[in-house]
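Student: need a structure here:
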Amino acid sequence: PNRSPVIVELAAGHLEGSRMDFTAFSDDHFDAKAWVNKALTVSAAAEGETLDAHASKVVMRLQTFIQKVNSELEETSAQVVRDLPSVIRSIDVLVQEVASLKDRMGLVKQDIETVDKNTAQSMSVLVELDTLKERMVATSAALQEADNWATLSTDIESAFESEDMKKISSTLLGMQRSLMVLCDVPDYEQRKKKLASLQNRLESMLSPRLLEAFNRHDVEVTRECLVVFGDINRKAQVQNYFYRSHKTTLGKMWSSLVDSQQPVVKWLPEYYDGLQRVWTTELPFCVQLFADAEQMMATLLSNALTSRQPLMQEVIVEHLKANDASSGMDQVILLFKQSEAFARTLACKNDALLAAIFDAFVHYQLEFGPMQSEQLLRSLKNSDLTAAVDRDFDTVLQTSKAALPYVFGLANAAMVRCSDLTCMLSVDGLANAVDDLFSAFCDSLRAAVANLRKKYNSSAMSEKDEDNIEENWRRFQASFELVQLCGETVQRVQEFEQALRSAILAKKVALLKHARGEQTATSTSAASASGTAATSTASASTGSDAALAILFDFMHDRPKARAALESRVLRTEQGQGLFDHTMEEISKLNSDAHAFAFEVVTAPMEVRLRKIPSLETWKATVVHDFEVPPSSYVTRIGEQLLTLPQQLEPFLTNNEEIFALALKHCKLPSDPTALLPETESNVVADHWLNGVANGVMSTFVKGLLQIPRLSDSGSKQLCADIGYLCNVLSALDVSPSEDLSNCNQLLSISKEEFASLASRLPKLDPAAAAAIAKMRQFA
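Tutor: This is a model prediction of the structure:
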């Protein structure tokens, strides 16, 4: 079967001039119908023949192809039959040769076993003799080295006298090799101490020369010293001498800058520039001598930073004491950025060096939330708002307006600080600090509103104030500006919350990794016993990334802080509020501000309505043959109600969304309706008109029910007053309250029909019915 495609191809080769594809017959998935259709359509069109003629030609070609295939099969079969005996004979010969090889391998194996058995004792003797030889050689070498130690001990003094460092080094190297061989002699420890003493003597002779070579950047002399120190196994000491050669200089540079009486924010860049110059100057020199040159330079700067006196932490504390406390965190961030720029300039990946640079700032990063809260509250306390709480109306209003952008400027600055100093790792502390700030701001505004309510309530209003219409409306406009301020506060809080939410979600993955302990590097140790920063920062981190890794190492041992961070991020992702306490305080502030504005606009009307029970009109006995006109008190109330939309219009023309937002977080006094959909126009005006109208109607009803006696003429007058008030309310698209409608009907009905009507009126207060019956002398 494997040969059939070849046969087909050979056969097709003989017929290649026929332009037909015979290779398709060897395909495993050959489709006869498809081949026939293709052969009849494509080939016929190509040769320009009729279908019948072309079909006859195809059949003839196929018959020829079949004959060729059969011929090839017969020839191949005959060839196989002829070759088969030869193949069988070859296989038989191969089987015989394999059997012969197997027999010979068995004989070889027996010979090997015999030789091994006969020579085992001889080999054991040879091994023992070789062991004895090795011991004798080792003993001879030890005796030679013992003799060499004595000789070298005598020669070393002359070598020291010659001050030939190479000769001294060579002699000590020989003594060291001898001592390694003499490790089992009784006085080994004494010899070891003597060798160490001689090495120390050489080191003390060589160290001045080495220090001078470091200072002059003499590569050749330094290399010679390296060889000598390497010979006496003290190559590591060379690095210590290198650090020592710069320690004093770097220490003096720090001390002189600290004592310069200049603020640290001014001279710290100069100090970092000095360290950068040391790095730039010494690194090329070290590269020529040491394989770990960058590591050496990192250790040099790290030692210089950690050994500073006073420490960087102490310098920062003193600097903050000497400056305004409200800018303390900004000063820390400025120093942090200067350190960050230095780390970025070095582009060094050494963990210990990066930790030494940023260690002084970890305290401020970990305590960012409480420190920021204290700073924000102090700034708010020092603002004009706190001092203006007990001032007059205009002062409170203007100060409150100015305080709004100031407070949110503080909040935005705090968010920038959190990003700059902690890369949002302290976002939970930031949210709590800003929440405290907003809540304190709302408390200050509530205190101001409470004082204004005491000064301008209706009980304190005189008859002169009652008639001062212009002043009353001006005061209402000012109070409504406070309501607008509340709406702007809600709007600004929501905008800031959205900005903070976006900042958190932008870093969600990184923050959750830190919070869950998935961002550790080589270890999770936060700090050593001395309080220095942990050295488990990510090796590839520099600048802010390194500072972030160091901060995380410290946070790792603060599970509460990490849990708070994770909770804050997850709640933010779920869309939960970031400032729940603030929103509660804003709701209270909105309620107080709306109540104050409501009191201001209704105070003149309440003063007039409280006089209703004492009016002499109710006792009059004059019979009117004409329609009774409304009383002056109710007409003045109606005029004020009709003027209210005009007073609201300037505020609501462009700022209705702000007022609707403020209204959404509270409920107007005397307004039983729910908030209308925000898509409707005049939503705020409708609520205010409803609220004021309901308040007026409620006070009106309370006042009329206190009338002691009502004549028939007084009843007509009271009905006329109520009718006028209902007409005014109708003009404002406000429906009269059920209590007012019920009172109007009971006041206009006769004595005979009073009881029947009172029983039919819906939601009639029995006490109100009894009071009206009593004043009309029906009871």
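
Student: Name the residue most distant from the centre of this structure?
Tutor: Within the chain, the residue lying farthest from the chain centre (C-alpha atoms, centre = their mean) is Arg82, at 86.0 Å.

Student: For it, which three-state class applies?
Tutor: Three-state call for Arg82 (DSSP: H, G, I helix; E, B strand; the rest coil): helix.

Student: And the pLDDT for it?
Tutor: Listed pLDDT for Arg82 reads 86.

Student: Tell me which helix or strand in the protein has the weakest average pLDDT.
Tutor: The weakest-scoring helix or strand in the chain, judged by mean pLDDT, DSSP states H and E, is helix 4-14 (a mean of 45).

Student: which stretch of helix or strand covers the closest residue to Trp618 other than its chain neighbours?
Tutor: Spatial nearest neighbour of Trp618, excluding adjacent residues (C-beta to C-beta, 6 or more residues apart in numbering): Gly714 at 3.6 Å. Where you see a C-beta, it was placed from the backbone N, CA and C, and this is true even at glycine. Gly714 is part of helix 712-731 when elements are defined by DSSP states H and E.

Student: buried residues in that helix?
Tutor: Buried residues in helix 712-731, counted by 16 or more other C-beta atoms under 10 Å: 713-726, 728-729.

Student: same check, this time on stretch 26-35
Tutor: Trp35.

Student: now the end-to-end length of it.
Tutor: 12 Å (C-alpha to C-alpha, to the nearest Å).

Student: residues touching the spatially most central residue of the chain, list them.
Tutor: Geometric centre of the chain, nearest residue: Lys507, 3.8 Å, by C-alpha atoms, centre = their mean. Under the criterion of C-beta atoms under 8 Å, 6 or more residues apart in numbering, the neighbours of Lys507 are 423-424.

Student: picking up where we left off before, of the buried residues of helix 712-731, closest to Gln498?
Tutor: Distance to Gln498 across the buried residues of helix 712-731 (C-beta to C-beta) is lowest for Leu729, with 41.3 Å.

Student: Would you check that that closest one makes contact with Gly723?
Tutor: No: here Leu729 does not reach Gly723: they are 10.7 Å apart, not a contact under C-beta atoms under 8 Å.

Student: and Ser741, what helix or strand is that in?
Tutor: Per DSSP H and E: helix 738-748 holds Ser741.

Student: tilt between that helix and helix 712-731?
Tutor: Angle of helix 738-748 versus helix 712-731, following axes from the mean of the first three to the mean of the last three C-alpha atoms, to 10 degrees, is 150 degrees.

Student: Show the subsequent helix or strand relative to helix 738-748.
Tutor: The C-terminal neighbour of helix 738-748 among helices and strands, as given by DSSP H and E, is helix 751-760.

Student: in that following helix, what's buried?
Tutor: 754, 757-758.

Student: which strands and helices sit next to the helix holding Gly714?
Tutor: With contacts defined as 3 or more C-beta pairs under 8 Å, 6 or more residues apart in numbering; DSSP states H and E, helix 712-731 has these neighbours: helix 632-664, helix 683-704, helix 738-748.

Student: so which of the ones you listed gets nearest Gly274?
Tutor: For Gly274, the closest of the helices and strands packed on helix 712-731 is helix 632-664, at 55.8 Å, according to C-beta to C-beta.

Student: got the angle between that closest one and helix 712-731?
Tutor: Using the same axes, to 10 degrees: helix 632-664 against helix 712-731 is 30 degrees.

Student: who does helix 632-664 touch, helix- and strand-wise?
Tutor: Against helix 632-664 (3+ C-beta pairs under 8 Å, 6+ apart) you get helix 469-506, helix 580-609, helix 683-704, helix 712-731.

Student: Would you tell me which of those helices gets closest to Gln276?
Tutor: Among these, the nearest to Gln276 by C-beta to C-beta is helix 469-506 (32.9 Å).
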